[in-house]
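Enquirer: Here is a sequence together with a model predicted from it:
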Amino acid sequence: MKLLMRLLVTAMLLVAAIGLGACDNSTETTENAALSTAPVAAPAVTETAAQVITVSKPRIRATAPGQMVSGAFMTLTNTSAAPHALTSVSFTAAGTVEIHETSMDGEMMRMRRVSHIDIPANGSVELKPGSYHIMLMGLKKELSAGTTETLALTFSDKSEMTVEASVGDPSE
């Protein structure tokens, strides 16, 4: 008899546990249902690099007659708390545009192509002769001092901006 009672109590507990486990509290009151269908605020939109990077002193070195290469220089300032990078530049009057870095290797100055230029958070980087710069190669026209040319900058987040660069003295 004791065995039968134990089995019966165990069976009842098992049925109760299964019954309680089947409840998932999915029943909502009308008030809760209305709250759950309320529109959710959209997440804050992150600003693009083109929105937070400012360009100062954009300039291109003028060319001599027949010269097919020039350089572009500027200062890029990042006003955001996130780092960004300049990844490419385009110029319609050049066959090829590359980002370069000039450095000293012992007694020899070397120039090499780089894939990007980091622009630190809340910082700046200056593109200048003897350092980072933009090479404009295979020029399709002479670049005369006193004129203005348009460069298109692309950043690591694929955002873009155009910059009006003044063509300056070739001696820079």
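Expert: Happy to help now that I have it.

Enquirer: For this protein, which segments count as strands?
Expert: Counting by DSSP state E, the chain has strands at residues 53-61, 69-78, 84-90, 94-105, 108-113, 117-119, 124-127, 132-139, 148-155, 160-168.

Enquirer: how many other residues sit next to the nearest residue to M111 once chain neighbours are set aside?
Expert: In space, M111 comes closest to T102 once its chain neighbours are excluded; the distance is 4.8 Å by CB to CB, 6 or more residues apart in numbering. To be clear about C-beta, it is placed using only N, CA and C from the backbone, and glycine gets the same treatment. Applying the criterion other CB atoms under 10 Å, we find 15 residues in the vicinity of T102.

Enquirer: got it, and T147?
Expert: 13.

Enquirer: Now do the end-to-end distance for stretch 87-107.
Expert: Using CA to CA, to the nearest Å, the end-to-end distance of stretch 87-107 comes to 29 Å.

Enquirer: do stretch 59-74 as well
Expert: With CA to CA as the measure, the first residue of stretch 59-74 is 6 Å from its last.

Enquirer: What residues of it count as buried?
Expert: Applying a neighbour-count criterion of 16 or more other CB atoms under 10 Å, one finds R59, I60, R61, A62, T63, S70, G71, A72, F73, M74 buried in stretch 59-74.
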